[in-house]
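# mind folding the following:
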Amino acid sequence: MMSANGLPITVEKVTADVVVVGGGGAASRAALSARQAGANVRLLTKAPLQTGGSTVHGASEIMSMGAAGFGDALDSTEIHYQDTMRAGRGFIDAALVRVLAEDAPERITDLMDLGVTLDRSGDGSLKLIRSDFGSYARALGVSGKTGKAFVTAISEALVRSGVQIDAPVMLVDLIRDADGAVAGVLGYDPARKILIHYEAPSVVMGTGGIHGVYQQQVSTSEMTGDGQAICFRHGAEMVNLEFHQVGSALIHPYVQLFSGSCFSLHPKMLNARGEEFLPSYLPDGVTVDEVYEKKQFPFTTTNVSRFLDIAMAHEIAEGRGTERGAVLFSFADVPEARIAEVMPNTARWMRDRGIDPKTDKLEVGVAFQCMNGGVRMTGADAQSSIPGLYVIGELAGGVRGPDRPGGNSLAEGQVFGHRAGTAAAERSRGAKAEKAATLEETFAMLSRAFAPRNHTLDTEAVAGKIRETMQRDCLVEKSADGLNRAIRVMSDVRSLLENDLHVSPETLLQGLSVRNMAQTSELVLRACLNRDETRSAHYRLDHPESGGEAYAHSFVMRRDGNGIEVKPLHYDTPASKAL
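Model (predicted):
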């Protein structure tokens, strides 16, 4: 035990070869792979293990992992690669996509060896799903809750392997040495009310998305953009932050996204006044049936299904939604047999929670689901632009652009989680963390936060303002006016927190979370403002058409003093590697 710089809180120091931050599918896979490679591994995660993150909570009628080689003989890793490149060319790293497609089959095999029981057809063969942008059926799943099955199996293997799991522990900061390389992390244990200095030469970060900055989202609210904010402050490159997935989801009494299967049943859609509003949003020549038939999750402007999400968002924004910010769906006119045939998982989950999809009106809102961009992976082992820092899962950017094939998200977590863990273990072999040169800066920030004040900052009210702003201005309909308005909110919040982040050991987690929420939200807003066009789910009211070749590339953002530097990144050209 030790105390540091007069902080009113104990600082405990531990050492490891590899520190993994996060508890979802990617992070747990990284920790297991690092341990299997012989490393002494510590895993810290903000939520108790198996309870936080998109992988555990994500569920849909067809949630699955894409991997070639288990179905149609005509399919292959090459075609998986081509499908992914076709969906995201110009916005994704071809070398990373190649690795994703080629490694995914082996990672699925690993999971089966760990005891994951994948769905099978009546003849005993593996059941495969043809997902969006896929040429063949290659996605494998576990009854729509595939991610939970993955995390359960991997977590049990972690415990058996001897990985030290610290949960719940929040990431406070990344620690670097005098040369800028990783030297460990600082964490906070809210149960013991102590700081933990993890000293390690390799850090794998898989802190997940930014769900907690939205009022309506389909995962867990502890994901407050911690990894994104911390990596940005340390100068890491960020890519594709303007691209994120949103769409329709049941929001009460529990949260459940609605996949394309649900819409193929043509539910009746009403506002709070009982009015069928979708027809009034459709241009001449477009029918309600056509919109339903084209609908998929997530929202996309690439076909006429866009009118459904736009109509829902607009009705709610205009005050014609329910008190919870939703519209009403009814499957009353759909035969029970069709419900059972087309959306068996969704219907079962609803009935398990006291909802009858046949007779009840369902409150459905527009919810955030997933970031497609994040901290840029600069190599096939998920390296970042900071030496010794590996980034994986939803935190990472480089293999997801405006669009991506369904099933790739789970595949990315397993493929790059494994590679990052193995590479981190190799980097730490025979090495030790250098002196933690930036630790004093982190302690100084905490000293200011702990400084006595004559009042208490209401962090929950501040967090609520952030969520309200992001839900209104950075979900479906975006415009320069709305984005600039939201940026001013985040800038004001950041200034307030910089000068007046008054916390105690009891409120440190909430205070640091809201600080990260404001930072990451501003980054996303500025990325959306920078892309003056409409592309896939990035819908700009003031720029409703695609910008064509002028915008057919990514943007990299990085810290520049107190500002942000933005540069184009052309992934399909050799020059992109120099950025």
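# can you list the domains in the chain?
If you go by automatic domain parsing, the domain ranges for the chain are 11-243+372-428, 245-367, 439-554.
# chain center to the first one: distance?
Translated: domain 11-243+372-428. Centroid displacement of domain 11-243+372-428 relative to its chain, using CA atoms, centre = their mean, to the nearest Å, is 10 Å.
# next one: stretch 436-454
Relative to its parent chain, stretch 436-454 has a centroid offset of 29 Å by CA atoms, centre = their mean.
# looks like Leu114 contacts Ile154 (just checking).
Yes. Using CB atoms under 8 Å, Leu114 is in contact with Ile154, at 6.5 Å. All C-beta spots, glycine's among them, are computed from the backbone N, C-alpha and C.
# of those two, which one has the most company?
Shown here are Leu114 and Ile154; by other CB atoms under 10 Å, Ile154 has more neighbours (27 against 15).
# quick one: pLDDT of the more buried one?
Note on Ile154: pLDDT of 97.
# confirm that Thr442 sits in a strand.
No. Read with DSSP: H, G, I helix; E, B strand; the rest coil, Thr442 is helix and lies in no strand.
# how is the closest residue in space to it that isn't next to it in sequence assigned, secondary-structure-wise?
Distances taken as CB to CB, 6 or more residues apart in numbering place Asp173 nearest to Thr442, at 4.4 Å, with adjacent residues excluded. With three-state DSSP as the basis, Asp173 sits in strand.
# contact partners for Asp173?
Residues near Asp173 by CB atoms under 8 Å, 6 or more residues apart in numbering: Val185, Leu186, Ile230, Thr438, Thr442, Met445.
# cross the residues you listed against helices and list the overlap.
Ile230, Thr442, Met445 (DSSP state H).
# switch those over to a markdown table; also include pLDDT, neighbour count and distance to Val399.
Putting the ones in helices among the contacts of Asp173 into a markdown table (pLDDT from 0 to 100; neighbours: other CB atoms under 10 Å; distance: CB to CB, whole Å) gives the following:
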| residue | pLDDT | neighbour count | distance to Val399 |
| --- | --- | --- | --- |
| Ile230 | 98 | 24 | 21 |
| Thr442 | 95 | 20 | 31 |
| Met445 | 93 | 17 | 33 |
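# closest to Ala423 out of the residues you listed?
Nearest to Ala423 among these: Ile230, at 20.6 Å, using CB to CB.
# re the thing from before, can you tell me how far the residue nearest to Thr442 sits from Ala229?
10 Å (CB to CB, to the nearest Å).
# pretty sure Val476 sits against Phe307.
No. Counting by CB under 8 Å, Val476 sits too far from Phe307 to count as a contact (11.1 Å).
# residue contacts, Ser521?
Ile210, Val213, Gly225, Ile466, Thr469, Met470, Cys474, Ala486, Met490.
# same check on Ala73?
Contact analysis of Ala73 by CB under 8 Å, 6+ apart lists nothing.
# any idea how far it is from Gly406?
22 Å.
# any idea how far Cys231 is from the residue nearest to Thr442?
11 Å.
# for Ala31, same thing?
19 Å.
# which one's more surrounded, these two?
Neighbours per residue (other CB under 10 Å) separate Ala31 from Cys231, with Ala31 holding more: 36 against 28.
# the more buried one contacts Val163, correct?
Yes. Contact criterion CB under 8 Å: Ala31 and Val163 qualify, at 5.2 Å.
# any shared contact partners between these two?
By CB under 8 Å, 6+ apart, the residues touching both Ala31 and Val163 are Val41, Leu43.
# rewinding a little: I'd like the domains of the chain as a markdown table, with distance to His570 appended.
Shown next, in a markdown table, are the domains of the chain (distance: least, CB to CB, whole Å):
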| stretch | distance to His570 |
| --- | --- |
| domain 11-243+372-428 | 7 |
| domain 245-367 | 22 |
| domain 439-554 | 5 |
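# do you know which of the ones you listed lies nearest Gly561?
Of all the domains of the chain, domain 11-243+372-428 sits nearest to Gly561, with 10.7 Å by CB to CB.
# measure the closest one end to end?
24 Å (CA to CA, to the nearest Å).
# ok, now stretch 32-51?
This stretch, stretch 32-51, spans 18 Å end to end (CA to CA).
# pull out the buried positions in that stretch.
Going by neighbour count (16 or more other CB atoms under 10 Å), the buried part of stretch 32-51 is 32-37, 39-47, 49-51.
# and if you look at stretch 553-564?
Across stretch 553-564, burial judged by 16+ other CB under 10 Å covers His553, Ser554, Phe555, Val556, Met557, Arg558, Arg559, Ile564.
# which pair of those spans the longest distance?
Spatial extent of the buried residues of stretch 553-564 (CB to CB) is set by the pair His553 and Arg559 at 21.2 Å.
# which parts of stretch 288-297 are buried?
Across stretch 288-297, burial judged by 16+ other CB under 10 Å covers Val288, Val291, Tyr292, Lys294, Lys295, Gln296, Phe297.
# gap between that stretch and the chain center?
How far stretch 288-297 lies from its chain's middle: 25 Å, per CA atoms, centre = their mean.
# over to stretch 258-275?
The answer for stretch 258-275 is 26 Å, by CA atoms, centre = their mean.
# state the mean pLDDT of it.
For stretch 258-275, mean pLDDT is 92.
# in it, what's buried?
Residues of stretch 258-275 classed as buried by neighbour count (16+ other CB under 10 Å): 258-267, 269-272.
# which residues touch stretch 143-156?
Stretch 143-156 is contacted from outside by 23-25, 28-29, 32, 49-50, 53-65, 111, 114-117, 119, 140, 142, 345-346, 349, 410, 414, using CB under 8 Å, 6+ apart.
# restrict it to CA atoms and write it as CSV.
Output of stretch 143-156 as CSV, limited to C-alpha atoms (Å, rounded to 0.1, in the frame of the first residue of the first chain):
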residue,chain,number,x,y,z
SER,A,143,-30.5,-18.7,-30.4
GLY,A,144,-30.0,-15.0,-31.0
LYS,A,145,-27.9,-14.5,-27.8
THR,A,146,-24.6,-15.6,-29.3
GLY,A,147,-22.5,-13.1,-27.6
LYS,A,148,-23.6,-14.1,-24.1
ALA,A,149,-22.8,-17.7,-24.9
PHE,A,150,-19.3,-16.7,-26.0
VAL,A,151,-18.6,-14.6,-23.0
THR,A,152,-19.9,-17.2,-20.6
ALA,A,153,-17.6,-19.9,-22.1
ILE,A,154,-14.5,-17.7,-22.3
SER,A,155,-15.0,-16.3,-18.8
GLU,A,156,-15.2,-19.8,-17.3
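# just give me the residue right at the centre of this protein.
Gly209 (3.0 Å; CA atoms, centre = their mean).
# was I right about that residue contacting Ser54?
Yes. With contact defined as CB under 8 Å, Gly209 and Ser54 form a contacting pair (5.9 Å).
# any low-confidence regions in the stretch 51-200 of the chain?
By pLDDT under 70, the weakly predicted segments of the stretch 51-200 of the chain are 59, 61.
# would you map the helices across it?
Here the stretch 51-200 of the chain has its helices, by DSSP state H, counting those that start in this stretch, at 54-57, 77-88, 94-113, 146-161.
# Met517: which of these is closest?
helix 54-57 (16.8 Å).
# before we move on, back to that, give me whichever of the helices of the stretch 51-200 of the chain is most buried.
Mean neighbours per residue, mean count of other CB atoms under 10 Å, is largest over the helices of the stretch 51-200 of the chain for helix 54-57, with a mean of 26.
# contacts for it?
24-26, 50, 147-148, 150-151, 208-209, 211, 218-220, 223, 370, 393-394, 410, 413.
# can you give me the helices in the stretch 201-350 of the chain?
Counting by DSSP H, counting those that start in this stretch, the helices of the stretch 201-350 of the chain are 226-233, 260-263, 288-294, 306-317, 336-342, 344-352.
# who does the helix or strand that contains Gly464 touch, helix- and strand-wise?
Element membership for Gly464, per DSSP states H and E: helix 459-473. In terms of contacts (3 or more CB pairs under 8 Å, 6 or more residues apart in numbering; DSSP states H and E), helix 459-473 is packed against helix 480-500, helix 508-530.
# winner for burial among those?
helix 508-530 (a mean of 24).
# what's the angle from that one to helix 459-473?
With axes from the mean of the first three to the mean of the last three CA atoms, to 10 degrees defining the directions, helix 508-530 sits at 20 degrees from helix 459-473.
# cool, thanks, signing off.
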